[in-house]
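Visitor: pasting the sequence and the predicted coordinates here, then a few questions.
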Amino acid sequence: MPTPRETILTALHARLTVLPATALRGEVLPERVPNAGLTILRDGDPGEPEVTLSPLRYHYQHRAEIEAVVQGADRDASFDTLCASIGAAIAADRTLSGLCDWVEAEAPRPVDLPVEGAAGLKAAVIVVVLHYSTAGPLE
């Protein structure tokens, strides 16, 4: 049985798979970026939880990361479209069907990356804060 943390990360990844961009989880950046763009979900850091004792609950503000990458001549517009679609996917279900108390994305900080012999990349890490509670720190 997967832990609540894994169930939440799987649900977030599922939200990304409905986008036109290719959605990966925990993979390395492939040699080719698809035309619609690429997202890679990284598990991130659950951080130090707040703890309540009665009942015992661990309250996390888990910082997962989505790497958003586009390539091509029109990469500024493509990147903007990809980021907006990620935002819309998260806003459509802020609780991931009740698995989280709240899901909130932070603004990306894009960078342009030159690629020798090919069109450059535009990429950013989008931090997604997942607010949830578990019965123990290993869940």
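Guide: Received, thanks.
Visitor: moving C-terminal of the longest helix along the chain, what's the next helix or strand?
Guide: Criterion DSSP state H: the longest helix present in the chain is helix 75-91. Downstream of helix 75-91, the next assigned helix or strand under DSSP states H and E is strand 102-105.
Visitor: could I get the CA-only coordinates of that following strand as CSV?
Guide: This file holds the C-alpha atoms of strand 102-105, laid out as CSV (Å, rounded to 0.1, in the frame of the first residue of the first chain):
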residue,chain,number,x,y,z
TRP,A,102,-4.1,22.6,-0.5
VAL,A,103,-1.8,22.7,-3.5
GLU,A,104,0.0,26.0,-4.5
ALA,A,105,2.5,26.6,-7.3
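Visitor: for the most centrally placed residue in the chain, which non-adjacent residue is spatially closest?
Guide: Nearest to the mean C-alpha position of the chain, counting by Cα atoms, centre = their mean, stands Ile66 at 3.3 Å. Nearest non-adjacent residue to Ile66, counting by Cβ to Cβ, 6 or more residues apart in numbering: Ile126, 4.5 Å away. Yep, even glycine has a C-beta here, placed from its N, CA and C like the rest.
Visitor: three-state assignment of the one you found?
Guide: Classification of Ile126 using DSSP: H, G, I helix; E, B strand; the rest coil returns strand.
Visitor: flag every buried residue along stretch 59-77.
Guide: 60-64, 66-72, 75 (16 or more other Cβ atoms under 10 Å).
Visitor: what about it, average pLDDT?
Guide: Stretch 59-77 comes out with an average pLDDT of 95.
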